[in-house]
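> only geometry, no sequence info:
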DNA sequence: TCTGGGGTCCTAGGACCC
DNA sequence: TCTGGGGTCCTAGGACCC
């Protein structure tokens, strides 16, 4: 009789990660940018920087002004955002040539389980090298690969391998590999956790492994503590498979600093609700929980959410619920501050998602009390939205829309963007 | 010279039910 | 009458990831 025992002793999990993806694509498309310090900008921040720019300290999510101070000869380029998914898809197709067990976790990175592919292609190190060679030759992009026994460790290895490298962590070498690395390389360790660990004198993964997990858990909570411990003792997940379906759909828009007027809030929310609701309908989904976020100055923010009795996916209903929630948040904050507050961003997100059939109509809601089913507006609105979706699929997104919706350029209303720039 | 847009997950308190 | 414990849902805030 055969007993199937999962081979967990080998470094058969690969993490493949395209290097500075957006920036590398720009250098691929425009050869004059190769070897230069470039950054792809968007909304005032750096979305991706080439390694030539990273050497000067330029990093993702950094305000462009600051990046330019660090690297005065930085070349700022506008992204070719239509090209990114196409090129990334070609890379993922190459990965799928090696194994069907590919778990794509973002546009530019994926896990591969190659345990079933070794009899065809050789050991993980050979597969990783061949994957890198093919991506470089067939697509023209640099990609780094890490291989190890677990997903987390493979991801750490690919980060260490960057730029344009390959690292295989054999099981017997795991501790030697991990111990000297900074804790910030671990998945889930951001600035806050890093700061807390530093206060305990913990800077490396080795030091973390020797720290009693109780003391870490008591301040960071069970989940973070357990996650850190899992890597320290090498017991984190090994299963590579498809990602679960999305649990929320949202959209946000930065506004610059502004005192919220009813007109502004309505216009922005109409635009956001339209984006969110049409994406929900395109996915044949609807959601019961509406969450709004109002960002204030100094990056503080307020969230307000409401769970409805039935899922919604119509633009106007979503906007009405969001509008009430946004004003609740703003009023709460103003009351607390004792004066009107300025806001810098509005966001809408819908969660608690369910699948809906294309023909199913939304439960009508009473606009005065969204928790209570009321008039016939719901089904009428659903029908209007479906027609709008059809018109847009034929004539384009701008062919038809709700008013009053603020016109956006690059995600930021022009007037407010100019205002922000003068600051 | 304050910072985009899309997400996931966790925690904690309160309400409510059994 | 008083009391305890467990589970689930909702809401708000926060950390983190790409």
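Cool, got the structure. Note that this is a predicted model, so its numbers are computed, not measured.

> make it CA atoms for all contacts and neighbour counts henceforth
Will do.

> point me to the residue of the stretch 1-150 of chain A nearest DNA strand B.
residue A:65 (2.6 Å; C-alpha to the nearest atom of the strand).

> specify the local secondary structure of that residue.
helix (DSSP: H, G, I helix; E, B strand; the rest coil).

> in contact with it, which residues?
The contact partners of residue A:65, by C-alpha atoms under 8 Å, 6 or more residues apart in numbering, come to residue A:44.

> and the residue nearest the centre of chain A, how far from DNA strand C?
The centroid of chain A falls nearest to residue A:106 when counting by C-alpha atoms, centre = their mean (7.5 Å). Residue A:106 sits 5 Å away from DNA strand C when distances are taken as C-alpha to the nearest atom of the strand, to the nearest Å.

> quick check: residues of the stretch 151-300 of chain A near DNA strand C?
A:184, A:186-194, A:289, A:300 (C-alpha under 7 Å from any atom of the strand).

> can those residues go into JSON lines with extra columns for secondary structure and neighbour count?
Putting those into JSON lines (DSSP: H, G, I helix; E, B strand; the rest coil; neighbours: other C-alpha atoms under 10 Å) gives the following:
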{"residue": "A:184", "secondary structure": "helix", "neighbour count": "17"}
{"residue": "A:186", "secondary structure": "coil", "neighbour count": "19"}
{"residue": "A:187", "secondary structure": "coil", "neighbour count": "14"}
{"residue": "A:188", "secondary structure": "coil", "neighbour count": "13"}
{"residue": "A:189", "secondary structure": "coil", "neighbour count": "16"}
{"residue": "A:190", "secondary structure": "coil", "neighbour count": "12"}
{"residue": "A:191", "secondary structure": "helix", "neighbour count": "10"}
{"residue": "A:192", "secondary structure": "helix", "neighbour count": "10"}
{"residue": "A:193", "secondary structure": "helix", "neighbour count": "17"}
{"residue": "A:194", "secondary structure": "helix", "neighbour count": "17"}
{"residue": "A:289", "secondary structure": "strand", "neighbour count": "19"}
{"residue": "A:300", "secondary structure": "coil", "neighbour count": "10"}
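
> count the residues that sit near the nearest residue to residue A:355 once chain neighbours are set aside.
The shortest distance from residue A:355 to any non-neighbouring residue, by C-alpha to C-alpha, 6 or more residues apart in numbering, is to residue A:285 (4.6 Å). Residue A:285 is flanked by 20 other residues according to other C-alpha atoms under 10 Å.

> how close does residue A:285 sit to residue A:316?
Distance, residue A:285 to residue A:316, using C-alpha to C-alpha, to the nearest Å: 16 Å.

> for residue A:88, same thing?
35 Å.

> likewise residue A:77?
Distance, residue A:77 to residue A:316, using C-alpha to C-alpha: 37 Å.

> so which of those two has more stuff around it?
residue A:316 (21 against 14).

> hmm, the more buried one is touching residue A:381, no?
Yes: between residue A:316 and residue A:381 there is a contact at 7.3 Å, judged by C-alpha atoms under 8 Å.

> if we can go back for a sec, if we check DNA strand B, which of the residues of the stretch 151-300 of chain A next to DNA strand C are in contact?
Checking those against DNA strand B (C-alpha under 7 Å from any atom of the strand), there are no matches.

> redo those as TSV? Include distance to residue A:241 and pLDDT.
As requested, these are exported to TSV (distance: C-alpha to C-alpha, whole Å; pLDDT from 0 to 100):
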residue	distance to residue A:241	pLDDT
A:184	26	94
A:186	21	92
A:187	18	89
A:188	20	89
A:189	24	93
A:190	26	93
A:191	29	92
A:192	30	92
A:193	28	92
A:194	30	94
A:289	28	97
A:300	37	94
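
> these: which two are farthest apart?
A:184 and A:289 (33.7 Å; C-alpha to C-alpha).

> what about residue A:18, how many residues nearby?
Neighbours of residue A:18 (other C-alpha under 10 Å): 24.

> meant to ask about residue A:78
Residue A:78: 10 surrounding residues under other C-alpha under 10 Å.

> who's in contact with it?
Residue A:78 makes contact with A:40-42 under the criterion C-alpha under 8 Å, 6+ apart.

> rerun at 6 Å
residue A:40 (C-alpha atoms under 6 Å, 6 or more residues apart in numbering).

> show me the beta-bridge partners of it.
Beta-bridge pairing of residue A:78 under DSSP bridges involves residue A:41.
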